[in-house]
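Q: Sequence and predicted model, in that order:
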Amino acid sequence: MVNSYDECVGDDVSRKLQENIDSLLSKEKGTVYKDPGGRINIAIVYPNTYHVGMSNLGFQGIYGLLNSMKDVVCERVFLPEDKDIDEYVRTHTELFSMESKRPLNRFDIVAFSVSFENDYPNIVRIFELSRLPLRSSERNSRHPLIIMGGVCAFFNPEPVADFFDICFIGEADEMLPEFLEVYKSSVNRSEVLKKSMTVEGLYVPGFYSISYDAEGKISGRHQSEGTPENIRRRYLKDISASKMMTSIITSETEFSEMYLIEAMRGCPWNCRFCVAGKIYNPPRKKDLQAIEDEIQKALFRTKRIGLIGPSLSDYPYIKDVLKIPGVNFSITSLRASTKSAELVSLMKGHKSVSIAPEAGTERLRKVINKRITEKDILYTSELLFAGGIETLRLYFMVGLPTETREDIDGIVNLVKKIRNVSAKGYITLTISTFVLKPFTPFQWHTMESLIEVKERLRMIKKGLLPIRGVKVFHDVPKYAYMQGLFSMGDRRVSRVLENMSKNQDWIKAAEEAGLTKDFYIFRKKEFSEILPWDFIDMGIAKDKLWDEYQEALSLHTN
Ligand code: SF4
């Protein structure tokens, strides 16, 4: 099912927009240009700006993986910057790809890679700018097949499921080759959809419908004949064999001119608020040889290597890797432990390190199953500052289940204690509002009220104001609630997204859609309630999650 495009493209494209893209392309090393003729033409779309999307290793990896296939050409599309969106609208230009500057509807497949729920409104924007009908039911064989991958697809695609023809429930590097075989062997779109249902992990939302009871809860899922009731999440068993690698290096990303390498996928720690810790399991480690080979290749292009993994202190070969000469390493957040301090000492010249206590008291860390003690945090901080670190970044959350103001005082006290163990350097706190996530024990819980979250943030800022060298940053809580709605949402939430494209404010958009935030994020759920993502077989028993939830609640102070 391969189309070929002889048509000259780019005629209707605004010159100014073309120049902006050319300027970005001129700073890239590794861009792939392929003749689209006779190949499957795939546009991969990141529903955020170039800067954000190009900082995402998953997106970069898919670009490289698809372009490594002879019969595929893959090009990139991003949400334009605001000023460019105005230009698109003013000049009636359809959103186009970077490499050949073709509009999205000239591709065979448009594949969205979605990593953050708060990018959902951008998905709608991209459909509008591309003049593609938003709902799969409104599209036909003249339109590209529109698919969704990325982490949001595999924990709960339901709020956007009506927009996509196929969702990848699981890791794309495991499933893409099989999907492309299905695509190639099908004569038309409806055959692609039908055959996709035979591939484990592929979900065709159009084959399912949902019913709701009088209270608005899901009362049933109804499937077309021949479709599986549940979709099992797929994962790649051996990540050493993964072809997901940094494809393009550019100064225009968060990790400027840096080559990112995935060292681990999945996390052994099981923090109760963390969806990544659940859905990427089991933890897998890349072989030392595979990493060394990747580093040697990367060194032809840059000395800056970023190691990616949820818990790199647990990567067994981390010391061997950091000892490789001639590389300027950067690593993501470390666990508070003496091993981490030792690792930082191997990264000569490293000035800033992040650790994530998440909560201020031992009790609340037990509730969320963050298995680090105050002693670990203080000792690691002391070692890090003594080793020459200039900035210690600490990640905390507010609004966690069972959290009280005592726990908030605990954050202030903990930071004061860290300051006492070392007067040197800066401490920065990054505080985010707790958001409910599927497949975690807190999926049945509620979020804290906005008034209380704001008060808790105010308490932290006030408490730390007199402390020298401490800075506090936090998210904007209202976006955490929006994220909560999209994270916990069912298919009806797609109407909120449509309304948002008209009037921006998500609360009003929800009201207009006949939905309330209270239903999705301020309501405790029963174990028996059907949750929108229950059809995904993540390999986690629901009753085990419930037991964990009950255990967490039993650690309440009252
Ligand atoms: S250590 Fe980090 S990645 Fe692992 S479960 Fe905890 S929060 Fe998630």
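A: Great, that's in hand.

Q: Show me what residue of the chain gets nearest to the ligand.
A: Using CB to the nearest ligand atom, the closest approach of the chain to the ligand is made by G277 at 2.5 Å. Where C-beta positions appear, they are placed from N, C-alpha and C, glycine not excepted.

Q: which residues touch H350?
A: For H350, the contacting residues are 329-330, 344, 389, by CB atoms under 8 Å, 6 or more residues apart in numbering.

Q: should've said Y50
A: 24, 78, 252.

Q: switch to 10 Å and redo it
A: By CB atoms under 10 Å, 6 or more residues apart in numbering, the contact set of Y50 is 20-21, 24, 76-81, 84, 98, 250, 252-253.

Q: can you check P268 too?
A: P268 neighbours (CB under 10 Å, 6+ apart): 277, 281-283, 310-311, 314.

Q: ditto for H222
A: By CB under 10 Å, 6+ apart, the neighbours of H222 are 207-211.

Q: for S130, same thing?
A: 43, 45, 77, 88, 94-96, 103-105, 107, 110, 143-144, 146.

Q: Now it, what are its backbone angles?
A: phi -90, psi -10 (degrees, to the nearest 10).

Q: L429 now?
A: The phi/psi pair for L429 (degrees, to the nearest 10) is phi -100, psi 130.

Q: Do I have it right that it meets K416?
A: No - between L429 and K416 there is no contact under CB atoms under 10 Å: 12.0 Å.

Q: which residues are in contact with both of these two?
A: Residues touching both L429 and K416 (CB under 10 Å, 6+ apart) are 464, 470.

Q: What pLDDT does the model give the residue of the chain closest to the ligand?
A: Looking at G277, its pLDDT is 90.

Q: which element is it on?
A: helix 276-279 (DSSP states H and E).

Q: The stretch 1-150 of the chain: helices as residue ranges?
A: 15-26, 50-53, 57-67, 82-91, 120-130 (DSSP state H, counting those that start in this stretch).

Q: If we go by neighbour counts, what in the second one is buried?
A: What it means is helix 50-53. With burial defined by 16 or more other CB atoms under 10 Å, the residues of helix 50-53 counted as buried are 50, 52-53.

Q: Up against the ligand, what does the stretch 251-400 of the chain have?
A: Within the stretch 251-400 of the chain, the positions adjacent to the ligand are 267, 269-271, 274, 276-277, 310-311 by CB under 6 Å from any ligand atom.

Q: so can I have CSV of those showing neighbour count and secondary structure?
A: Formatted as CSV, these follow (neighbours: other CB atoms under 10 Å; DSSP: H, G, I helix; E, B strand; the rest coil):
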residue, neighbour count, secondary structure
C267, 19, coil
W269, 15, coil
N270, 15, coil
C271, 20, coil
C274, 20, coil
A276, 16, helix
G277, 22, helix
P310, 20, coil
S311, 18, coil
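
Q: Out of these, flag the one nearest to F396.
A: F396 has its nearest neighbour among these in C271, at 13.1 Å by CB to CB.

Q: gap between the closest residue to Y549 other than its chain neighbours and I21?
A: The shortest distance from Y549 to any non-neighbouring residue, by CB to CB, 6 or more residues apart in numbering, is to P441 (3.9 Å). Separation of P441 from I21 (CB to CB, to the nearest Å) stands at 45 Å.

Q: same check, this time on G30
A: Taking CB to CB, one finds G30 at 16 Å from I21.

Q: do D534 as well
A: Counting by CB to CB, the separation of D534 from I21 is 42 Å.

Q: Between those two, which has more neighbouring residues?
A: When D534 is set against I21 and neighbours are counted by other CB atoms under 10 Å, the residue ahead is I21, at 20 against 15.

Q: Return the per-residue confidence for the spatially closest residue to that one that is not a sequence neighbour.
A: Spatial nearest neighbour of I21, excluding adjacent residues (CB to CB, 6+ apart): M98 at 5.4 Å. pLDDT, M98: 97.
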